[in-house]
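K.L.:
Fold the following for me, if possible:
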Amino acid sequence: MDRYLSYAEYQAYGGTLSQDAFNIAEFKAQKRIDYLTDIRVAAMAVVPEEVKLCIMSLIKVDQAAGVDAIADNPLLASFNTDGYSESYGSASEQISALNKQMNNTITEMLYGVLDDNGVPLLYRGLDA
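P.N.:
Residues are numbered from 1 along each chain as shown. Below you'll find the predicted structure:
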């Protein structure tokens, strides 16, 4: 499977991850796009610029607030200084919000982008 965004392109867009970290992040972003586009991008002769920029956005979100980031730095839900008390938000709630944000990013960035056959990448209906 070819990558939608190469490491050289990622660096040219200002990406700072190491090659190994990028490989994992790009794979996860690509699979998310494949799921929402019915793998239409993989069949295209040239990956559109919108898809490359979408991958960049997804990588940034995942690095800042992805599952690994949530595990390392859980969201502080409340704090009480009288007698010192802390509580953290539910990881599942945070992950659900993250998934919604990432899917919205894909929807917004790829809206109106067509594949090589003129079908919108986000089309999820039946082909007649």
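
K.L.:
Burial check on the closest residue to Asp2 other than its chain neighbours, number of neighbours?
P.N.:
Closest residue to Asp2 apart from its sequence neighbours, by Cβ to Cβ, 6 or more residues apart in numbering: Ala42 at 7.6 Å. (Each C-beta comes from the backbone N, C-alpha and C, glycine too.) Close neighbours of Ala42, defined as other Cβ atoms under 10 Å, add up to 15.

K.L.:
State the distance from Ala42 to Ser18.
P.N.:
Distance of Ala42 to Ser18, given as Cβ to Cβ, to the nearest Å: 25 Å.

K.L.:
again with Ser57
P.N.:
Ser57 is 19 Å from Ser18, by Cβ to Cβ.

K.L.:
is it true that the residue nearest to Asp2 touches Asp34?
P.N.:
Yes: counting by Cβ atoms under 8 Å, Asp34 is a contact partner of Ala42 at 6.6 Å.

K.L.:
Give me the contact list for stretch 5-19.
P.N.:
Around stretch 5-19, the neighbours that count as contacts under Cβ atoms under 8 Å, 6 or more residues apart in numbering are 22-23, 25-26, 29-30, 47, 51-53, 55-56, 59, 63.

K.L.:
swap in stretch 45-58?
P.N.:
For stretch 45-58, contacts defined as Cβ under 8 Å, 6+ apart pick out 4-5, 9-10, 13, 15, 26, 28-30, 32-33, 41, 102, 105-106, 109-110, 113, 116, 121.

K.L.:
now do 7 Å
P.N.:
Stretch 45-58 has contacts (Cβ atoms under 7 Å, 6 or more residues apart in numbering) with 4-5, 9, 13, 15, 26, 29-30, 32-33, 41, 102, 105-106, 109-110, 113, 116.
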